[in-house]
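Peer 1: Could you look at this predicted model? Sequence included:
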There are 2 protein chains.
Amino acid sequence: MATLLAERPARIDPRVTRTRKLIRDALTTLLAEKAFESITVQDVAERATVNRATFYAHYADKFALLDAMIREDVAVHLAEGDPLSVEDTRAMLSAVATNLFAFVGTHRKCRIDRDFEPQFERAMEAQLTEFLQARFEHCTAMLVSSAIVGASMTWRHQAPRSASDPIVKNIVGILVDGVDRGER
Amino acid sequence: MATLLAERPARIDPRVTRTRKLIRDALTTLLAEKAFESITVQDVAERATVNRATFYAHYADKFALLDAMIREDVAVHLAEGDPLSVEDTRAMLSAVATNLFAFVGTHRKCRIDRDFEPQFERAMEAQLTEFLQARFEHCTAMLVSSAIVGASMTWRHQAPRSASDPIVKNIVGILVDGVDRGER
DNA sequence: GCAGAAGTGTTGCTTATCCGACGAGAGCGC
DNA sequence: GCGCTCTCGTCGGATAAGCAACACTTCTGC
């Protein structure tokens, strides 16, 4: 394929790494104290011991920050067990979906969830799509991703919540045939 | 008196504060892992996610860093209960000495102590002298300080260690008469 | 002896962060 | 309506931190 992957800036200035970590940690601790909506950029910058202008040099606004944090979190959990290295498509998708369900399952306590579920969902979907593009073409990745995320959100709202395994098996079964035709 | 106290640089750049904290925290964690002598400036800088050149912009070498850390630690413990606000000289000195003994008593586990007790002692003495200069003239402060620190070090080496109260009472009793004549 | 490796301080130049200020918008009391 | 306050997002100029290189010392092995 002709498309280039996003060109890495070779080396990231350690100050950048540090600043981003400070900002993210700041939001994390603030979220344990109050709701996202009542948190201002000033709050975050102050807690991070970082200038407000510096915040804006890294994130467009507090929503972009939250988005980036969720996506990174999702990315880490998706990569667990290195599912992309699994040859068989069905097995790979099962592993990925299981990882996502596990992530969704553990993240129900966070304050963000109630107020910002749509944002949460979009971020997950975007990240999963990016993740799957290592194996599928963009369009397929998007479709698979939205299916899995959608299922996970439905499952998430069940009370009491059933086991995730049958659902994962079910949805992967549905996807896998169509997907085989779209694999790279 | 005519002497000016060290002129505060008005406002400290938050980057400076942050960098110093990173460096100090780095040395603290490193000391939990290995001996001070085997820790290099590179180690500290790396652990602190700070450039080596930046380290030297703040501290002359690793000894200066250790010294500054000890002194700050001492300063915090000395100020406990705000002994300087106590009018009566004897009571004030008792409080200060008690604070110092408490500090010395709790700091016996640190790895530095065995190899660097002289440095540890000098740093304490310097800090205590500075502290006491709020009440006494320089020369008196130095003398009192060296007496208290010396006593605390002797006490520290006792095995088993006796109660500190009688020793404090004793040394303050010896000092207080001479000191009264040197008070500002 | 000598060569190599590793740590030390220091330097000039680049870059990220800080600062103070600004106009704009939103909320709120009166 | 009118001020008042707070937050936002952005700007130009000042400053601390990063980087790569340097000469120097110390140690180690051969």
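Peer 2: Alright, I've got the coordinates.
Peer 1: Show me which residues of chain A are close to chain B?
Peer 2: A:Pro14, A:Thr17, A:Arg18, A:Thr49, A:Asn51 (Cβ under 8 Å from any Cβ of the partner chain). Heads up, the C-betas are built off the backbone N, CA and C, glycines and all.
Peer 1: Look at the closest residue to the second one other than its chain neighbours and give its secondary structure.
Peer 2: This means A:Thr17. Leaving aside its sequence neighbours, A:Thr17 sits nearest to B:Thr49 (Cβ to Cβ, 6 or more residues apart in numbering or on different chains; 7.4 Å). When classified by DSSP: H, G, I helix; E, B strand; the rest coil, B:Thr49 comes out as coil.
Peer 1: can you tell me how far B:Thr49 sits from A:Asp165?
Peer 2: 42 Å (Cβ to Cβ, to the nearest Å).
Peer 1: same thing with A:Met153?
Peer 2: 17 Å.
Peer 1: swap in A:Gln158?
Peer 2: For A:Gln158, the distance to A:Asp165 - Cβ to Cβ - is 14 Å.
Peer 1: likewise A:Phe120?
Peer 2: Distance from A:Phe120 to A:Asp165, by Cβ to Cβ: 23 Å.
Peer 1: Where does A:Lys34 sit: helix, strand or coil?
Peer 2: coil.
Peer 1: same check, this time on A:Ala60
Peer 2: coil.
Peer 1: Find me the pLDDT at it, would you?
Peer 2: pLDDT recorded at A:Ala60 is 97.
Peer 1: number of nearby residues for A:Phe63?
Peer 2: Neighbours of A:Phe63 under the rule other Cβ atoms under 10 Å in any protein chain shown: 13.
Peer 1: buried set for the lengthiest helix in chain A?
Peer 2: Longest helix in chain A by number of residues (criterion: DSSP state H): helix A:111-132. Within helix A:111-132, the residues scored as buried using 16 or more other Cβ atoms under 10 Å in any protein chain shown are A:112, A:116, A:119-121, A:123-132.
Peer 1: With stretch A:143-150 instead?
Peer 2: A:Leu143, A:Val144, A:Ser145, A:Ala147, A:Ile148, A:Val149.
Peer 1: how about the residues you listed in a markdown table, adding secondary structure, distance to B:Val74 and pLDDT?
Peer 2: Compiled in a markdown table, the buried residues of stretch A:143-150 are given as follows (DSSP: H, G, I helix; E, B strand; the rest coil; distance: Cβ to Cβ, whole Å; pLDDT from 0 to 100):
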| residue | secondary structure | distance to B:Val74 | pLDDT |
| --- | --- | --- | --- |
| A:Leu143 | helix | 65 | 94 |
| A:Val144 | helix | 62 | 94 |
| A:Ser145 | helix | 58 | 96 |
| A:Ala147 | helix | 63 | 95 |
| A:Ile148 | helix | 58 | 96 |
| A:Val149 | helix | 56 | 96 |
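Peer 1: Could I get the phi/psi values of A:Phe136?
Peer 2: Taking degrees, to the nearest 10, you get phi -120, psi 160 for the backbone angles of A:Phe136.
Peer 1: Could you count how many residues lie near it?
Peer 2: 20.
Peer 1: again, but for A:Leu66
Peer 2: With other Cβ under 10 Å as criterion, A:Leu66 counts 21.
Peer 1: And the one 4 residues further on, by the same measure?
Peer 2: For A:Ile70, the tally of surrounding residues (other Cβ under 10 Å) stands at 22.
Peer 1: Give me the nearest residue to it, chain neighbours excluded.
Peer 2: A:Ala123 (4.1 Å).
Peer 1: Report the buried residues of the helix or strand harbouring A:Asp73.
Peer 2: Taking DSSP states H and E as the definition, one finds A:Asp73 inside helix A:62-78. By neighbour count with 16+ other Cβ under 10 Å, helix A:62-78 contains the buried residues A:Lys62, A:Leu65, A:Leu66, A:Asp67, A:Ala68, A:Met69, A:Ile70, A:Arg71, A:Asp73, A:Val74, A:His77, A:Leu78.
Peer 1: Helix A:111-132 and that helix, what's the angle between them?
Peer 2: Helix A:62-78 and helix A:111-132 are oriented at 60 degrees to each other (axes from the mean of the first three to the mean of the last three Cα atoms, to 10 degrees).
Peer 1: elements contacting helix A:62-78?
Peer 2: Where contact means 3 or more Cβ pairs under 8 Å, 6 or more residues apart in numbering or on different chains; DSSP states H and E, helix A:62-78 is packed against helix A:14-31, helix A:41-47, helix A:89-106, helix A:111-132.
Peer 1: Which residue of A:Gln158 and A:Asp165 possesses the greater neighbour count?
Peer 2: More crowded of A:Gln158 and A:Asp165, by other Cβ under 10 Å: A:Asp165, with 12 against 9.
Peer 1: and the gap between that one and DNA strand C?
Peer 2: Distance, A:Asp165 to DNA strand C, by Cβ to the nearest atom of the strand, to the nearest Å: 44 Å.
Peer 1: Nearest spatial neighbour of that residue, chain-adjacent residues omitted?
Peer 2: A:Thr98 (7.7 Å).
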